[in-house]
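Asker: Sequence first, then the predicted structure:
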Amino acid sequence: MRMFLALFLLLALTTSSNATYCLCKDGTEDNALQASIDYVCGKLDCNPIRDKGACYQPDTIKSHCDWAVNSYFQSQAQAPGSCVFTGTATTSQNPPSNLVTGCVYPSSPSSPGCSPSTNGASSLVISPAFAICLSTLAFLM
C-alpha cells in the first residue's frame with residue numbers, strides 16, 4: 001500500500017498540465033487596460049503590481065494588465081467568460097515574454113495540490129502544499 005501511495009504521489013508530482021494564461025490583447029487602448037486592472041484590483045490583492053511589488057517591473061500598463069487579468073482568471077478556476085474583460089483579454093498557452101525573476105505568474109487555478117509552479121523566468125516557486133507533498137512522499141518511501 002505504501003508503495004502504491006508513493007507511486008501515486010510521484011505521478012501527481014511529475015504529471016504536467018496544459019498551462020493557460022489570460023493576457024491583455026496587444027494594441028488595446030490604455031484606458032481599457034486600466035479599466036480591467038481597476039476591476040480586478042477591486043476584487044483581488046494587487047500588491048504584486050504596485051510600486052516595489054514583485055511584478056511591478058516592467059512598469060507598463062500592459063504588463064500590469066496581464067498580471068491582473070491572469071490572476072483573476074486563475075482565481076475563478078479558469079471559468080468560461082472569466083478572461084473576457086469587455087474584449088481586452090484573451091487566453092494563451094504562453095506566458096508573457098517580459099516576466100522578471102520573482103514575479104509569480106500562475107498558469108493554473110490556485111488550489112492546494114502537489115505540483116510546483118514556475119514563474120515563467122526559469123525559476124521554481126515551491127509552495128507549502130508542494131513541500132508537504134514531498135515530505136509525505138519521503139515518509140512513505
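Answerer: On my side now, so go ahead.

Asker: mind listing the helices for this structure?
Answerer: Using DSSP state H, the helices found in the chain span residues 2-14, 30-41, 61-75, 128-140.

Asker: now the second one against helix 61-75, angle please.
Answerer: Orientation of helix 30-41 against helix 61-75 (axes from the mean of the first three to the mean of the last three Cα atoms, to 10 degrees) gives an angle of 30 degrees.

Asker: What's the mean pLDDT across helix 30-41?
Answerer: When pLDDT is averaged over helix 30-41, the result is 98.

Asker: Same check on the first one?
Answerer: Averaged across helix 2-14, the pLDDT comes to 48.

Asker: and if you look at stretch 73-82?
Answerer: Mean predicted lDDT for stretch 73-82 stands at 96.

Asker: So what touches it?
Answerer: 20-22, 44, 72, 83, 89, 91, 106-111 (Cβ atoms under 8 Å, 6 or more residues apart in numbering). From N, CA and C alone the C-beta is placed, and that goes for glycine too.

Asker: Please repeat the previous calculation with a cut-off of 10 Å.
Answerer: For stretch 73-82, the surrounding residues in contact (Cβ atoms under 10 Å, 6 or more residues apart in numbering) are 20-23, 40, 43-44, 69, 72, 83-85, 89, 91, 105-111.
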